[in-house]
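A.B. asks: 3D, please:
(2 chains)
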2 protein chains.
Amino acid sequence: MTIQTAIDALATLLGDGLTRSKSDLALHGRSESHFAECPPDAVAYPTDTAQVAEIVKVCAAHACPIVAWGTGTSLEGHSLALSGGIVLDMTRMNSLLAVNAEDMDCVVQPGLTRVALNTQLRDTGLFFPVDPGADASLGGMASTRASGTTAVRYGTMRDNVMALEVVLADGRIIRTGSRARKSSAGYDLTALFVGAEGTLGIITELTLRLHGQPQATAAAVCAFPTVADAVAAVTATIQMGVPMARIELLDAASISAVTAYAGMDLPTQPHLLLEFHGSDAAVAADAETVKEIATDFGAAGFDWATRTEDRNRLWKMRHDAHYAIMASKPGHRAIVTDVCVPVSKLAEAIAETQAEIAASPITGPILGHVGDGNFHAILLIEPASDADRIAAEELSHRMALRAIRLGGTCTGEHGIGVGKRGYMEAEHGEGWDVMGQIKAALDPTRIMNPGKLVRD
Amino acid sequence: MTIQTAIDALATLLGDGLTRSKSDLALHGRSESHFAECPPDAVAYPTDTAQVAEIVKVCAAHACPIVAWGTGTSLEGHSLALSGGIVLDMTRMNSLLAVNAEDMDCVVQPGLTRVALNTQLRDTGLFFPVDPGADASLGGMASTRASGTTAVRYGTMRDNVMALEVVLADGRIIRTGSRARKSSAGYDLTALFVGAEGTLGIITELTLRLHGQPQATAAAVCAFPTVADAVAAVTATIQMGVPMARIELLDAASISAVTAYAGMDLPTQPHLLLEFHGSDAAVAADAETVKEIATDFGAAGFDWATRTEDRNRLWKMRHDAHYAIMASKPGHRAIVTDVCVPVSKLAEAIAETQAEIAASPITGPILGHVGDGNFHAILLIEPASDADRIAAEELSHRMALRAIRLGGTCTGEHGIGVGKRGYMEAEHGEGWDVMGQIKAALDPTRIMNPGKLVRD
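C.D. replies: Have a look, this model is predicted:
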């Protein structure tokens, strides 16, 4: 019952599908954020579901931890092998298995990335809308309940995963959900595994909801006097029922960084970036409605991007915001925060966060998916500075507690992993114990991504 | 440890909030469908969450079954006290606790009905869209993951319940979810309790997503040569991305019954009933698009209902369909079926069902929420006829197995209760065992609605 005996057995089972090379262990010991490196004892590269089940059975027999790995782009240390054991790298299970165009769904393996999926869907007239920024794997996106810029229109992974195949901690293979668009047949196991961060089982197949590529797309950018004005415009837009495809807020500090990076010329004020999807007529009508609302709230400098290249330039600016903000302070590292509050509390939450950042020794531009009440501060710290690190951690801590106090959540889309586990009790109370009971029922020996999400 | 000792303790605790009158027991022993009456030993009428928790603690101490009751309109025997014990009638917990207009959500007690909620919301510009036909309680609708005619646009209870307060089987009170529009903070307990049919806990409060009352509404009805043509028109409409508010199919047999009942004049052919919500311009454009599509598939007799009274008449016809079909064969009882398949399989599923009904001794008009692939056959049987009952059960059985075989589900919106439990293994395989493991973890003494959903 040791990790080593498990790895010996796996080496026999997998041959060169198991590696212990230093470079591979190091690569799978990193995360995209500020957590210390934590290499696993071995990396397995399964090629099919049956092999995943065999690997899990070996690990179960030897109490060897298993951590699933997609692209390593998660932000709360989800894929770190904190207790050693094996990382299950799913990149060889990256096929698009079926496209059911008439039903607007598809079946994929978990290692397929969202960009690769959309490339393969291009000629079908359909697309998969969830866009967290990174070109993450679809299994990883499901496991962290990811979302991003388009959630205001198309929902999160919660809304776009219809069915799953999952290998449980004892090696059983189950299927959850179906290709029917709705069902009342028992507990919603699909929703249970979406967002479970690999702590209950390994996702080996996903059925995803697709959407029609919009007939027309338009985008726009405009400046507001204050963040509160921009948020008020967003609230009014959503209450009018305008089906926005994207509504992104960049505060003045973010605008300063992205315009310097992209060589654009925008005033150093809070901005909204907007996108509309629909028929030609609907897009034109919606855009006009939103322009009127925004103008009522003091918006200026309305700039339309109806040509594809202008639109791409605008969204490239948004997608590059993280790098632009990093580039604004060379040599610094980022601690990325992620809170979500009811939209009525958004202006207050951002204003208090901005005031605390201004009173701290560090800078922290803010941007967010404001249609959902979700925003991030990118807290920039000098790696050698303990004062910076302590200040950033304190800011992040206060943001999370404020979000919970305002009726929201400590994470809108990044997940818990190891970084946000300290807030689970504050956010869920005894509900966190219920999560622990479910974990204990389905993974009694705690081999599935130990140290994450639930209490130890 | 007997039901009687529990009831004695509850009588002391609740005073006249506990009844054992014959009429009350009989009233709470009935269901809307064909299941035999099954009165509980007592009926409790809690007035707040704390009292529900006290009741559950007493029941837990004495292993006394608890069955939650809303309006008694569920269709698979969900509220029958199969093992005796108490029925928890939630009708005194029927308040609208808060409306957060800016956030487009509200907080309600479980005994509030959907019609009562919408009446109270009328002046807010908001509404709660889920419409299963019956004026069910919102707690019951959440527990059965109900949906209905508007799910194609607004989703089911899964999509419209944001947060819950739940009393667990040991009396702990937990809160799941939050008022934030999205979250990645741990297991989705809200989704676990939505559709759990009272087998994991008692819902004592719900936070619901609201939607803006549409600026404009239009409805239409049209006839198709065949069901397959109607379904093809629906598929094309959804693929075009037209945001239909309702798309209902009535087959020729249903049309015959509803027109006779409502004194309307429609040809005895399959019909679609359509509704559009949006801005004036969007509704006009969408309606024009759909008319073109429908005409391509042979639709005729397009009749628009833009005036409120015409629209109400149309939807009253649809809502009364059940009664109209009952009235078409006086003295008969109905066995209502409920399957959901991928839309690409819908025409096949309906055609095979119609053929089997035609070859049987009974009649069974078909109608459905075809945008979701969900349909019902209303199987009419003579109460005294064993041959009718056996034929109806066989038809229902074949419908459920066919739906599962076609990649769908044995219930789109009615739930499992006791009536569909026999299909759980066929639909979920070992996933049903996983549901049992979750049940065992959260309700080890099995006091929560025993005999429903999970294996005994």
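A.B. asks: pull the number of nearby residues for the residue in the stretch 101-250 of chain A that chain B sits nearest to.
C.D. replies: Scanning the stretch 101-250 of chain A for the residue nearest chain B gives A:Ala191, at 3.4 Å (criterion: C-beta to the nearest C-beta). (Glycine included, C-beta is placed from N, CA and C.) Counted with other C-beta atoms under 10 Å in any protein chain shown, the neighbours of A:Ala191 add up to 25.
A.B. asks: can you tell me the closest non-neighbouring residue to it?
C.D. replies: Nearest residue to A:Ala191, sequence neighbours excluded (C-beta to C-beta, 6 or more residues apart in numbering or on different chains): B:Ala191, at 3.4 Å.
A.B. asks: can you pull the contacts of that neighbour?
C.D. replies: Residues counted as contacts of B:Ala191 (C-beta atoms under 8 Å, 6 or more residues apart in numbering or on different chains) are A:Arg158, A:Asp188, A:Ala191, A:Leu192, B:Arg158.
A.B. asks: what's the separation between it and B:Ala146?
C.D. replies: Between B:Ala191 and B:Ala146 the distance, using C-beta to C-beta, to the nearest Å, works out to 14 Å.
A.B. asks: for the helix or strand containing the residue nearest to A:Ala191, what is the average pLDDT?
C.D. replies: Secondary-structure element containing B:Ala191, defined by DSSP states H and E: helix B:189-193. The average pLDDT within helix B:189-193 is 98.
A.B. asks: neighbouring strands of the helix or strand that it is followed by in the sheet, and parallel or not?
C.D. replies: Reading on from helix B:189-193 to the C-terminus, the next helix or strand found by DSSP H and E is strand B:201-209. Here strand B:201-209 is paired, per DSSP bridges, with strand B:105-108 (antiparallel), strand B:161-168 (antiparallel).
A.B. asks: just send those back as JSON lines, with mean neighbour count and mean pLDDT too.
C.D. replies: Formatted as JSON lines, the entries for the strands paired with strand B:201-209 read as follows, by neighbours: other C-beta atoms under 10 Å in any protein chain shown; pLDDT from 0 to 100:
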{"stretch": "strand B:105-108", "mean neighbour count": "23", "mean pLDDT": "98"}
{"stretch": "strand B:161-168", "mean neighbour count": "24", "mean pLDDT": "98"}
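A.B. asks: turn those strands into JSON lines, including distance to A:Ala53.
C.D. replies: Output for these, formatted as JSON lines (distance: least, C-beta to C-beta, whole Å):
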{"stretch": "strand B:105-108", "distance to A:Ala53": "42"}
{"stretch": "strand B:161-168", "distance to A:Ala53": "33"}
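A.B. asks: of these, give the one that comes closest to B:Leu126.
C.D. replies: B:Leu126 lies closest, by C-beta to C-beta, to one member of the strands paired with strand B:201-209: strand B:105-108, at 7.9 Å.
A.B. asks: residues in contact with the closest one?
C.D. replies: Contacts of strand B:105-108 from elsewhere in the structure, counted by C-beta under 8 Å, 6+ apart, are A:342, B:95-100, B:117, B:121, B:126, B:128, B:138, B:162, B:179, B:205-210.
A.B. asks: same thing but at 6 Å, please
C.D. replies: By C-beta atoms under 6 Å, 6 or more residues apart in numbering or on different chains, the residues outside strand B:105-108 that reach it are B:Leu96, B:Leu97, B:Ala98, B:Val99, B:Leu138, B:Arg179, B:Leu206, B:Thr207, B:Leu208, B:Arg209, B:Leu210.
A.B. asks: which of those residues lies closest to chain A?
C.D. replies: B:Arg179 (4.3 Å).
A.B. asks: where's the closest one, which helix or strand?
C.D. replies: Using DSSP H and E, B:Arg179 maps to neither a helix nor a strand.
A.B. asks: can you check A:Asn312 too?
C.D. replies: Assigned by DSSP H and E, A:Asn312 belongs to helix A:308-319.
A.B. asks: what average pLDDT does the next helix or strand after that helix get?
C.D. replies: Where DSSP H and E defines the elements, the next helix or strand beyond helix A:308-319 is helix A:321-327. Averaging pLDDT along helix A:321-327 yields 93.
A.B. asks: what parts of the stretch 201-350 of chain A come near chain B?
C.D. replies: Contacts of the stretch 201-350 of chain A with chain B, taken as C-beta under 6 Å from any C-beta of the partner chain, map to A:Gly212, A:Thr235, A:Gln239, A:Gly241, A:Ala281, A:Ala282, A:Ala285, A:Cys340, A:Val341, A:Pro342, A:Val343, A:Ser344.
A.B. asks: leaving out chain neighbours, which residue sits closest to the third one?
C.D. replies: Translated: A:Gln239. Counting by C-beta to C-beta, 6+ apart, the nearest residue to A:Gln239 once its immediate chain neighbours are dropped is B:Gly212, at 5.8 Å.
A.B. asks: what about that neighbour, how many neighbours?
C.D. replies: Counted by other C-beta under 10 Å, the residues lying close to B:Gly212 total 16.
A.B. asks: next one: A:Gly298 relative to chain B, how far apart?
C.D. replies: A:Gly298 sits 19 Å away from chain B, taking C-beta to the nearest C-beta, to the nearest Å as the criterion.
A.B. asks: my read: that residue touches A:Asp229, true?
C.D. replies: Yes: in this structure A:Gly298 lies within contact range of A:Asp229 using C-beta atoms under 6 Å: 5.0 Å.
A.B. asks: so between these two, which is more surrounded?
C.D. replies: Each of A:Gly298 and A:Asp229 has its neighbours counted (other C-beta under 10 Å); A:Asp229 has more, 20 against 15.
A.B. asks: the more buried one sits in which helix or strand?
C.D. replies: Here A:Asp229, judged by DSSP H and E, is contained in helix A:227-239.
A.B. asks: swap in A:Ile247?
C.D. replies: A:Ile247 is located in strand A:244-250, with elements delineated by DSSP H and E.
A.B. asks: need the residues that contact that strand.
C.D. replies: For strand A:244-250, the external contacting residues (C-beta under 6 Å, 6+ apart) are A:149-150, A:152-153, A:230, A:234, A:271-277, A:318, A:367-368, A:370-371.
A.B. asks: filter the contacts of strand B:105-108 down to the buried ones, ChimeraX style.
C.D. replies: For the buried members of the contacts of strand B:105-108, the matching ChimeraX selection, counting by 16 or more other C-beta atoms under 10 Å in any protein chain shown, is:
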select /B:96,99,138,179,206,207,208,209,210
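A.B. asks: export the contacts of B:Ala191 to TSV and tack on distance to A:Ala11?
C.D. replies: Listed next are the contacts of B:Ala191 as TSV, based on distance: C-beta to C-beta, whole Å:
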residue	distance to A:Ala11
A:Arg158	38
A:Asp188	38
A:Ala191	37
A:Leu192	33
B:Arg158	44
